[in-house]
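Novice: Fold the following, please.
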Amino acid sequence: MAEESEGGKKAPLTVSTVVKDGGLWEKSVSVTVAAEEVNKEHNAVVGSFSGAVNLPGFRPGKVPRDVIEKRFGADIRKQLTANLVERAFAAALEKENLKAIGEPEVTEAEKLIATKGQPFSFEFKTEVMPQFELPPYTGLKGEQEEIDVLPEEIEHAINALRERFAEEVPAEEGHAIIEKDNATGVLRVLVDGNEVHKEEDAHLLCVQGHVFGAYAHLGSKFLLGAKAGEKRAVDEALAGNFPVEEHRNKKATIEFEVKSIKTVRLPAVDDELAKNLGFPDLAALNDKIRSSLLEKIGDTIKTRVREEILKQIIEKVNFEMPPKMLARAASENMVQSIQYLAQMGVQPGAIGLTPEKMADNSQSAGVAELKRYFTLSAIADKENITAEEEEVDEYIVGLARRQNVKAQDLFDRLAAEGKIPQIEADIRLRKAIDFVLDAAEIAVVPRKPFPKEHEHEHEHDEHAPGHEHGHEHGHEHGEHAEQGHEHGHETGEHAEHGHEHAEHEHGDHGHEHGHEEHGHEHGA
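Specialist: Reported below is the predicted structural model:
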């Protein structure tokens, strides 16, 4: 049997190593496991087979080892090789004090075979944590607004709730199209002066600065103010979902003649509205809205402070990114951008996002999130910040409660999936942020209104496509995998506050996740 330390865990494997630089932040490591260590691991593997197999003529667990080795020789060697590679990789990193990131690349892994009584050698390449000098990160100055609810925010939240019970009704005669109106009319599309598509009863909808239904990325000014009988026209590139495939992405003239308009009618703000929302009266609804807003606004203000303080540090950090890790992060951001747009029902081309631009955005987002990750990791290292066992337990208990499962069952599953180290890394980086904030000098200043989302017009010739989402998704390993994005939007509360826009700016990024402390394969 292999040597074991306290708790039944195997003692660290003894290896000999040779390390060479293999490129920017990459190390090439040659590892050799002595024959004695190979034999110990071989005995452990055979022992595991002995307790698991049943052969005719032998009692369970009493099959002679030589019979097992003869019968299951190939399987034993395969398992022996896998065990030695995994343990030797970890031992080599620890011996050489290498902080690996991502998965190692084992040279000719498919040809590796460990044999009892012989040394076992292999090579692997791995990227390691970048080395750089940290700028000052204590005593930083920042401002935090008072946490309070402004009257217009209460009104905005109530209006958001009224929309749940809104009715779409025919507009009165002479009505000019406003936001959220639905216009029916004749839609014509002309390419080089020739009509290539026509719809007699097309429906165009003005929502959040955009016009939907015209097969092109149009700003809301295309329709706002138009009345029944009025015609609007604009030259714009057709989207990728235009019905006539041969004209997709071509420049075209889009004409729309308004025939009729439907507008949104909201219910009155009274006790009946409150009762429809499950409250005894309007006063109780207002109390709930205010308390919910206070919590959300407090979170947003604290996020602003945190991001401003961290920005002061991260902006001064400069080093070349590990190329393989950056490529992985960029690829992941690209996938998330595509998924986000798909969930919104938006084709990238319809808002001006070409594959090249999305790739550039994903690359930029990858650089930003990795700089953040490496900077926080370096601070945690310098301050000897670690994740305590109690903190991991508390994290998993909270996660189990949200998932309505037993904490021990969840812990066992996460441990079996190898996610505990990822959770420890997340906790460690959160604590690094707390350390920086605790050491900062924060002045409290009067509250200002949050900028309203979509308060500007999206001109079709000037609009910068996409949304830059600095949302604190968390993306913690384990929690992200277990329950997805935990935005905290309980039913009704998103509509009640409607102001989580502090980081929601319109920019050039398809869906640039802030990825706070997320460590996507950032740890070994």
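Novice: from here on, contacts and neighbour counts on C-alpha atoms
Specialist: Noted.
Novice: and after the longest helix seen in the chain, which helix or strand comes next?
Specialist: Longest helix in the chain, counting residues (DSSP state H): helix 282-314. Per DSSP states H and E, helix 282-314 leads on to helix 323-343 as the next helix or strand towards the C-terminus.
Novice: now that next one: how far from the chain's centre is it?
Specialist: Mean C-alpha position of helix 323-343 versus that of the full chain (CA atoms, centre = their mean, to the nearest Å) differs by 9 Å.
Novice: Next SSE downstream of it?
Specialist: Heading C-terminal from helix 323-343 (DSSP H and E), you reach helix 355-382.
Novice: Can you list the helices and strands that that following helix packs against?
Specialist: With contacts taken as 3 or more CA pairs under 8 Å, 6 or more residues apart in numbering; DSSP states H and E, helix 355-382 sits against helix 282-314, helix 323-343, helix 420-438.
Novice: circling back to that earlier point, same for the longest helix of the chain, what does it pack against?
Specialist: strand 141-145, helix 151-162, helix 271-276, helix 355-382, helix 420-438, helix 493-497.
Novice: Give me the buried positions along stretch 307-321.
Specialist: Residues of stretch 307-321 classed as buried: 307-310, 312-314, 317, 321 (neighbour count, 16 or more other CA atoms under 10 Å).
Novice: how far out from the middle of the chain is it?
Specialist: On the basis of CA atoms, centre = their mean, stretch 307-321 sits 20 Å off its chain's mean C-alpha point.
Novice: what's the answer for stretch 208-216, then?
Specialist: Taking mean C-alpha positions (CA atoms, centre = their mean), stretch 208-216 and its chain are 27 Å apart.
Novice: one step back: looking at the helices and strands packed on helix 282-314, which is closest to D409?
Specialist: Closest to D409 of the helices and strands packed on helix 282-314 is helix 420-438 (CA to CA; 13.4 Å).
Novice: Could you check the angle the closest one makes with strand 141-145?
Specialist: 90 degrees (axes from the mean of the first three to the mean of the last three CA atoms, to 10 degrees).
Novice: who's in contact with stretch 109-123?
Specialist: 28-36, 38-39, 42, 77-78, 80-81, 84, 106-107 (CA atoms under 8 Å, 6 or more residues apart in numbering).
Novice: what comes up buried for that stretch?
Specialist: 112-116, 120-123.
Novice: ok, now how distant is the closest residue to L410 other than its chain neighbours from D409?
Specialist: Of all residues not flanking L410 in the chain, A400 sits nearest, at 6.5 Å (CA to CA, 6 or more residues apart in numbering). Distance of A400 to D409, computed by CA to CA, to the nearest Å: 9 Å.
Novice: So for the two, which sits in the more crowded spot?
Specialist: Set A400 next to D409 and count neighbours by other CA atoms under 10 Å: A400 wins out with 19 against 11.
Novice: Please, which helix or strand holds that one?
Specialist: Going by DSSP H and E, A400 is in helix 389-403.
Novice: Please save the CA atoms from that helix in PDB.
Specialist: Taking C-alpha atoms only, helix 389-403 is exported to PDB below (Å, rounded to 0.1, in the frame of the first residue of the first chain):
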ATOM      1  CA  GLU A 389     -11.800  25.600   6.200                       C
ATOM      2  CA  GLU A 390     -14.700  27.200   8.000                       C
ATOM      3  CA  GLU A 391     -15.200  29.700   5.200                       C
ATOM      4  CA  VAL A 392     -15.400  27.000   2.600                       C
ATOM      5  CA  ASP A 393     -17.900  25.100   4.800                       C
ATOM      6  CA  GLU A 394     -20.000  28.300   5.200                       C
ATOM      7  CA  TYR A 395     -19.800  28.900   1.400                       C
ATOM      8  CA  ILE A 396     -21.100  25.400   0.700                       C
ATOM      9  CA  VAL A 397     -23.800  25.500   3.300                       C
ATOM     10  CA  GLY A 398     -25.100  28.700   1.800                       C
ATOM     11  CA  LEU A 399     -25.000  27.200  -1.700                       C
ATOM     12  CA  ALA A 400     -26.700  24.000  -0.400                       C
ATOM     13  CA  ARG A 401     -29.500  26.100   1.200                       C
ATOM     14  CA  ARG A 402     -30.100  28.000  -2.100                       C
ATOM     15  CA  GLN A 403     -30.300  24.700  -3.900                       C
END
